[in-house]
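Visitor: Sequence and predicted structure are below.
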Amino acid sequence: MAESVWVSCPSCGGRHAFEVSVYPCACGAPVAPAPVGGVPVQPVTYRSWAEEWVAVRCTACGREDQWPRPELGCPCGTVLRIPVREDGGTGTALARPTEPSVPEAGPSSAGSHPAGPHPAGPPAHIPLPRTAASPRPSFRPLTIRTAHDAVTAAALYLRWLGFEGVVRAGEGTEGAPYLIDLCGPDVVAQVEPTTRPANVRSVECLWLNGLGASAPGVFFSLAGYADDALARADDLGIPLFVMDLTGTPRPVNGAADELVSTGA
């Protein structure tokens, strides 16, 4: 399996186990960017499409391809960029071809933490426990290269959660709410694919559109959320997800944790 590293968030001090995503080379061998140890992670405050990719060479055939630079969404709302080799060198490769390992979406704090001091006090939120094994298979993400891909990846994730009939606003959805990217009989969703963190106005607009549609709202963002947007979403009970360029959403608030635990 791909190499795992421990990551410390510079914003909140939280520590998370991060496993680099594995990608299929054209020859069939799995490859992954090689993490660089001893280099602190950096919060993503600005995005440029040209800087979101890293060159990785396959150890099986020598082919070099561009793959999404690894990122991690911290529960505090900060998006962290994982340091990897920048010279197009050999990435982490597996001994034999296997299915790419996509961690099941959910709280990123699973697993034991290394020994050491931990912040005192109870966690801010404890997700609802599963009462039975999830019938859902592992989520298969869609690599994001354009804003259109971001909306498509969000739609795939909502369907994976159990929301049926999710389509783009305007595709068979007469009178689709303003500023809504995805609609379904039981959900409305907004996707922020730009380099700006989602603001509080966008969160409130989604909530109002959800009231009008008598359906819960779900928010997806590539660049995270402003602090006031996080606080307002918690007040309104709106699930917030951060998506990296592999197309894998990660929950960043309690409402999102519960949605992943219970499904639609």
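Guide: Done, it's in.

Visitor: in the stretch 151-264 of the chain, which spans are helices?
Guide: Per DSSP state H, counting those that start in this stretch, the stretch 151-264 of the chain carries helices over the ranges 200-213, 227-236, 254-262.

Visitor: To residue 21, which of the ones you listed lies closest?
Guide: Closest to residue 21 of these, according to C-beta to C-beta: helix 254-262, at 18.3 Å. The C-beta positions use only the backbone N, C-alpha and C, and glycine is treated the same way.

Visitor: the inter-axis angle of the closest one versus helix 227-236?
Guide: 60 degrees (axes from the mean of the first three to the mean of the last three C-alpha atoms, to 10 degrees).

Visitor: Buried ones in helix 254-262, by neighbour count?
Guide: For helix 254-262, the neighbour count (16 or more other C-beta atoms under 10 Å) marks 254, 255, 256, 257, 258, 259, 260, 261 as buried.

Visitor: Now tabulate those in a markdown table and tack on pLDDT and distance to residue 8.
Guide: A markdown table is the format used below for the buried residues of helix 254-262 (pLDDT from 0 to 100; distance: C-beta to C-beta, whole Å):
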| residue | pLDDT | distance to residue 8 |
| --- | --- | --- |
| 254 | 92 | 22 |
| 255 | 94 | 26 |
| 256 | 94 | 22 |
| 257 | 92 | 21 |
| 258 | 92 | 26 |
| 259 | 93 | 27 |
| 260 | 92 | 24 |
| 261 | 89 | 26 |
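
Visitor: Over to the residue in the chain sticking out farthest from the centre: give its phi and psi.
Guide: Here the chain reaches farthest from its C-alpha mean at residue 61, the gap being 30.3 Å by C-alpha atoms, centre = their mean. The phi and psi values for residue 61, taken as degrees, to the nearest 10, are phi -120, psi -10.

Visitor: I figured it hits residue 24, correct?
Guide: No: here residue 61 lies out of contact with residue 24, judged by C-beta atoms under 8 Å, at a distance of 12.0 Å.

Visitor: quick one: low-confidence parts of the stretch 151-264 of the chain?
Guide: Within the stretch 151-264 of the chain, the ranges that satisfy pLDDT under 70 run 170-179.

Visitor: Now do the strands for it: every range, in order, please.
Guide: Ranges of strands within the stretch 151-264 of the chain are 167-168, 182-184, 187-192, 217-221, 240-243, 249-251, based on DSSP state E, counting those that start in this stretch.

Visitor: how about TSV for those, with distance to residue 31 and mean neighbour count added?
Guide: Formatted as TSV, the strands of the stretch 151-264 of the chain follow (distance: least, C-beta to C-beta, whole Å; neighbours: other C-beta atoms under 10 Å):
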stretch	distance to residue 31	mean neighbour count
strand 167-168	32	15
strand 182-184	32	23
strand 187-192	29	25
strand 217-221	27	27
strand 240-243	22	27
strand 249-251	22	24
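
Visitor: Format the ones you listed as JSON lines; extra columns: distance to residue 51.
Guide: Output for these, formatted as JSON lines (distance: least, C-beta to C-beta, whole Å):
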{"stretch": "strand 167-168", "distance to residue 51": "28"}
{"stretch": "strand 182-184", "distance to residue 51": "28"}
{"stretch": "strand 187-192", "distance to residue 51": "19"}
{"stretch": "strand 217-221", "distance to residue 51": "18"}
{"stretch": "strand 240-243", "distance to residue 51": "17"}
{"stretch": "strand 249-251", "distance to residue 51": "21"}
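
Visitor: which one of those strands lies closest to residue 56?
Guide: With C-beta to C-beta as the criterion, residue 56 lies closest to strand 240-243 of the strands of the stretch 151-264 of the chain, at 20.8 Å.

Visitor: Just name whatever secondary elements the closest one is in contact with.
Guide: helix 147-161, strand 217-221, helix 227-236, strand 249-251, helix 254-262 (3 or more C-beta pairs under 8 Å, 6 or more residues apart in numbering; DSSP states H and E).

Visitor: give me that answer again for 7 Å
Guide: With contacts taken as 3 or more C-beta pairs under 7 Å, 6 or more residues apart in numbering; DSSP states H and E, strand 240-243 sits against strand 217-221, strand 249-251.
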